[in-house]
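K.L.:
Sequence and predicted structure below; questions after.
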Amino acid sequence: MPKEILRRYLPDADKIRANPALKPLGLLLHNTDIWRLNRRAVAGATFIGLFCAFLPIPFQMLAAGVLVVAFRCNLPIAIVLVWISNPLTIAPMFYFTYRLGAWLLDMRIEVEAVEISFSWIFANLTRIGYPLIFGSLLCGWVAGVTGFMLARLLWRLHIIQRWRQRRRRRGA
């Protein structure tokens, strides 16, 4: 993955730091490690973003941000990838992770009618909690590792392509 392409689509660090809503995070946003674009930072951010996207918790971006700072990965890439679980995709994602978790834990699916409300979730948390968490962690891990390996592979292939182009230019 070329840095030029990523820089074209990712927001500028100075613009993000100037955002008044993010002023409380001031010193954390001035850490240069979370803005770097190298193979390690991008692959780590890909893992963190995809893993956190599958976590069945509110404020997934906050969890991703804490992990990015702790592991010195690229913040914008991780935050963008967390948004795979958005209001349109979160219900099918968590239904799939629940079904997968129930199947792997050999639990009978006990939910007949689903209501989208916090009261229903809290009332049925004991029945859906373990399969949902297990399936979510498993899917997050698989998606994160796959994204990590894919990011490393694509970065490496791009570097090899650049080496070959440079060799052809020098030889011609």
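P.N.:
Perfect, I can see it now.
K.L.:
how far out from the middle of the chain is the longest helix along the chain?
P.N.:
When every helix of the chain is counted residue by residue (DSSP state H), the longest turns out to be helix 125-171. Distance of helix 125-171 from the chain centroid (C-alpha atoms, centre = their mean, to the nearest Å) equals 10 Å.
K.L.:
Lowest-scoring secondary structure element of this protein by mean pLDDT?
P.N.:
helix 26-29 (a mean of 55; mean pLDDT, DSSP states H and E).
K.L.:
Per-residue pLDDT of the residue nearest the centre of the chain, please?
P.N.:
Central residue of the chain (C-alpha atoms, centre = their mean): residue 49, 1.3 Å from the mean position. As predicted, residue 49 sits at a pLDDT of 96.
K.L.:
what inclination does whichever strand or helix holds it have with respect to helix 125-171?
P.N.:
Residue 49 is part of helix 39-53 when elements are defined by DSSP states H and E. Using axes from the mean of the first three to the mean of the last three C-alpha atoms, to 10 degrees, the direction of helix 39-53 lies 160 degrees away from that of helix 125-171.
K.L.:
Can you name the residues in contact with helix 39-53?
P.N.:
With contacts defined as C-beta atoms under 8 Å, 6 or more residues apart in numbering, helix 39-53 is touched by 1, 6, 33, 60-61, 63-64, 67-68, 71-85, 93, 140-141, 143-148, 150-152, 155-156. Where C-beta positions appear, they are placed from N, C-alpha and C, glycine not excepted.
K.L.:
C-terminal to it, what's the next element?
P.N.:
Sequence-wise, the next helix or strand downstream of helix 39-53 (DSSP H and E) is helix 60-71.
K.L.:
what's the following helix or strand after that following helix?
P.N.:
helix 75-82.
K.L.:
Quick one: residues in contact with that next one.
P.N.:
Looking at helix 75-82 with C-beta under 8 Å, 6+ apart, the contacting residues turn out to be 6, 10-11, 16, 34-35, 42, 45-46, 48-50, 52-53, 60-61, 64-65, 67-69, 147.
K.L.:
Go ahead and measure how far it is from the middle of the chain.
P.N.:
What separates the centre of helix 75-82 from the centre of its chain is 6 Å, taken as C-alpha atoms, centre = their mean.
K.L.:
Which among the contacts of helix 75-82 count as buried?
P.N.:
Burial by neighbour count, judged by 16 or more other C-beta atoms under 10 Å, picks out 10, 16, 34-35, 42, 45-46, 48-50, 52-53, 60-61, 64-65, 67-69, 147 from the contacts of helix 75-82.
K.L.:
Flag the shaky bits of the chain, pLDDT-wise.
P.N.:
1-33, 110-114, 172 (pLDDT under 70).
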